[in-house]
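K.L.:
Fold the stuff below for me.
(chains A and B, ligands or ions: 2)
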Amino acid sequence: MIQLFHVYKSFGSKNPALIDVSLTVKKGEFVFITGPSGAGKTTLLKIIFCAEKVTSGQALVNGRNLNRIKDRELAFLRRRVGVVFQDFKLLPRRNVFENVALALEIAGLPFSMIRKKVHQTLRYLGLANKEGYYPPQLSGGEQQRVAVARAIINNPLILLADEPTGNLDPDLTMEIMALLRQIHIRGTTVIVATHSQELLRDTRRRIVTLSKGRIV
Amino acid sequence: MSITFLRYFARQAMANIFNNRLVHLIGVGTMAIAFLIFDAFVLIFLNLNYWTEERGKLLTMSIYFKAEPERIVLEDIKKELLGFPGVTIKGFISKDDAMESLRRQLGDKAGLLDGLRENPLPASLEIVLSRDKSGDSTPYQLKRRLEGIDIVDEVQYSQEWIKRFEAFMEAIKIVGIVVGGLLFLAALFIIINTIKLTIYSRKDEIEILKLVGATNRFVKIPFLIEGSIQGFLGGSVALLMLFLAYIVVMSRVDLRIGFASLDIIFLPTHFILFLLLMSIIIGFIGSTISLGRFFRI
Ligand SMILES: Nc1ncnc2c1ncn2[C@@H]1O[C@H](COP(=O)(O)OP(=O)(O)O)[C@@H](O)[C@H]1O
Ligand SMILES: [Mg+2]
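P.N.:
Numbers count the residues shown, from 1 in each chain, chains lettered A, B, ... in the order given. Ligands and ions are numbered 1, 2, ... in the order given. Okay, here's the model as predicted:
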């Protein structure tokens, strides 16, 4: 599903954010990427959904070589890759419904279907009564769930979550993790980046640890 | 293209305009001024063209005689001339009349003429030819025909000033193209900057749209619509202002001069449609340029 071969990524003249990273994630896996702050976790996820290009090396997602992908193909690939960002990236001037509907509008679905799917997903995430709210009116946990709703509404093959529990208290952390597990059970490949050791303590999942841009 | 897309694009374009209404207002205002200057130019040109055409249709022809023609011969010639379509007789100028008018022209230097033993000025017949009714080749045919008459010395017709006026119109056309080009660039510049501002105001949204899988085209279209709407509004306001100015001028001209033969015409419908289309196209091109710059970043 995801294959990285000797990936390097540097930003200008600073120390590279990723150094010789090779990683294979199979379909249906649940993988944690961990490491201290600044280790390169976010950069790795950005490479996978092509928000950043590799400096050298190869990255393949769902069989596509990201070095050679065209704009249009990239757009279609991204519809199969849901992302929950560290800072949510919700639009403050659009309400919950509109924020989630965005992911379907870009695909040109008929409005009746968009409405149905958005209702369904928001209900699934316990946000049914928040449809008309604007992100600034929501708590961190609620915003997080809106971000998850937007990421999963297209039934993505892959779900990437960057510090999904970073801003949440322990109860909400458990809740979000349970949610990610459910999504995984439905067949989605899930990759979670986190610096929290807490989250990894009892897990039997695969853990990839980054340190200063290298896999250790 | 699906209904969802159309709905989305229209809504986004409107939201952009609304959220950046001040920028748009200023943009439309400045652009309207640029278009107004351009439209006014077109209007003036059109009227000058119309007037010259009207004038150009009338041709004055002078028939010079070798000697003072006899009355009967003159009447014969007049009769024959009136047989041609579009000919009207302006008048006969005898040798004496010609001398009289020359004296008047010379004023106090008229004494120079006293030394002449006989009047060297020819008698002439002036006619007006309406090209509308006679067609283009007739003046020359008529000239040939008249010069065939033995008492006729020479026939001259006044194409000269028309030629000069046509040259003047050419000059105006060139100035118009240059000024129009500059105004076109000004309008383009205004659109580019307005759309650039609205793009920047929605930078976050564009980023998110792209991250959830929107194609470039999907992101761009609302801005293209927005630019086209701005162009259309600028163009419409300009035409409206021009029309108001036209009405005001018309009412004044009517009151003060009452110049029946110098009608000022307004832009015909196909010109209006053309100018509007052009302003939309400028809006479209302007936003395309803005987007090109943005998407390269
Ligand atoms: N856009 C960027 N420009 C410059 N440096 C960056 C950029 N993104 C990340 N970095 C640098 O890359 C390194 C890894 O960052 P990041 O991937 O965000 O780490 P993590 O998510 O593990 O905390 C850091 O040193 C960071 O400063
Ligand atoms: Mg990070």
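K.L.:
So the helix or strand where B:Ile247 lies, near chain A or not?
P.N.:
Using DSSP states H and E, B:Ile247 falls within helix B:216-256. Yes - for helix B:216-256, a contact with chain A is found by CB under 8 Å from any CB of the partner chain, at B:Asn216, B:Phe218. Using the backbone N, CA and C atoms, a C-beta is placed for each residue, glycine as well.
K.L.:
Tell me the buried residues in the helix or strand following that helix?
P.N.:
Using DSSP H and E, the helix or strand that follows helix B:216-256 towards the C-terminus is helix B:269-296. For helix B:269-296, the neighbour count (16 or more other CB atoms under 10 Å in any protein chain shown) marks B:272, B:275-276, B:278-280, B:282-291, B:294 as buried.
K.L.:
excluding its backbone neighbours, what's nearest the residue in the stretch 151-297 of chain B that ligand 1 sits nearest to?
P.N.:
Minimum separation of the stretch 151-297 of chain B from ligand 1 (CB to the nearest ligand atom) falls at B:Glu207, amounting to 12.8 Å. Of all residues not flanking B:Glu207 in the chain, A:Lys89 sits nearest, at 7.6 Å (CB to CB, 6 or more residues apart in numbering or on different chains).
K.L.:
That neighbour falls within a helix, correct?
P.N.:
No - according to DSSP: H, G, I helix; E, B strand; the rest coil, A:Lys89 belongs to no helix; its state is coil.
K.L.:
before we move on, back to that, run the angle between the helix holding B:Ile247 and helix B:269-296 for me.
P.N.:
Interaxial angle of helix B:216-256 relative to helix B:269-296 (axes from the mean of the first three to the mean of the last three CA atoms, to 10 degrees): 150 degrees.
K.L.:
From the chain's centroid, how far away is helix B:216-256?
P.N.:
19 Å (CA atoms, centre = their mean, to the nearest Å).
K.L.:
So what's the residue count around the nearest residue to A:Tyr133 once chain neighbours are set aside?
P.N.:
Spatial nearest neighbour of A:Tyr133, excluding adjacent residues (CB to CB, 6+ apart): A:Val96 at 5.3 Å. The number of residues packed near A:Val96 is 27, by other CB atoms under 10 Å in any protein chain shown.
K.L.:
Contacts only, for B:Val212.
P.N.:
A:Arg78, A:Arg79, A:Val83, A:Leu102, A:Ala103, A:Ile106, A:Arg150 (CB atoms under 8 Å, 6 or more residues apart in numbering or on different chains).
K.L.:
Okay, and the third one sits in which element?
P.N.:
With the criterion set as DSSP H and E, the secondary-structure element containing A:Val83 is strand A:81-84.
K.L.:
what residues go with each domain of chain B?
P.N.:
Using automatic domain parsing, the domain parsing of chain B gives B:3-54+B:163-294, B:57-158.
K.L.:
buried stuff in the worst-scoring helix or strand of chain A on mean pLDDT?
P.N.:
None of the helices or strands of chain A scores lower by mean pLDDT, DSSP states H and E than helix A:170-185, at a mean of 89. Residues of helix A:170-185 classed as buried: A:Leu172, A:Thr173, A:Glu175, A:Ile176, A:Met177, A:Leu179, A:Leu180, A:Ile183, A:His184 (neighbour count, 16+ other CB under 10 Å).
K.L.:
which ones are touching B:Gln230?
P.N.:
Contacts of B:Gln230 by CB under 8 Å, 6+ apart are B:Ile17, B:His24, B:Gly27, B:Val28, B:Met31, B:Ile191, B:Thr194, B:Ile195, B:Gly283.
K.L.:
The first one should be in a helix, yeah?
P.N.:
Yes - B:Ile17 forms part of a helix when assessed by three-state DSSP.
K.L.:
Would you mind confirming that it is in contact with B:Val23?
P.N.:
No - using CB atoms under 8 Å, B:Ile17 is not in contact with B:Val23; the gap is 9.3 Å.
K.L.:
Please identify every residue contacting each of those two.
P.N.:
Common contacts of B:Ile17 and B:Val23, defined by CB under 8 Å, 6+ apart, comprise B:Thr198.
K.L.:
Who has more neighbours out of those two?
P.N.:
Taking neighbours as other CB under 10 Å, B:Ile17 and B:Val23 compare with B:Ile17 leading, 22 against 19.
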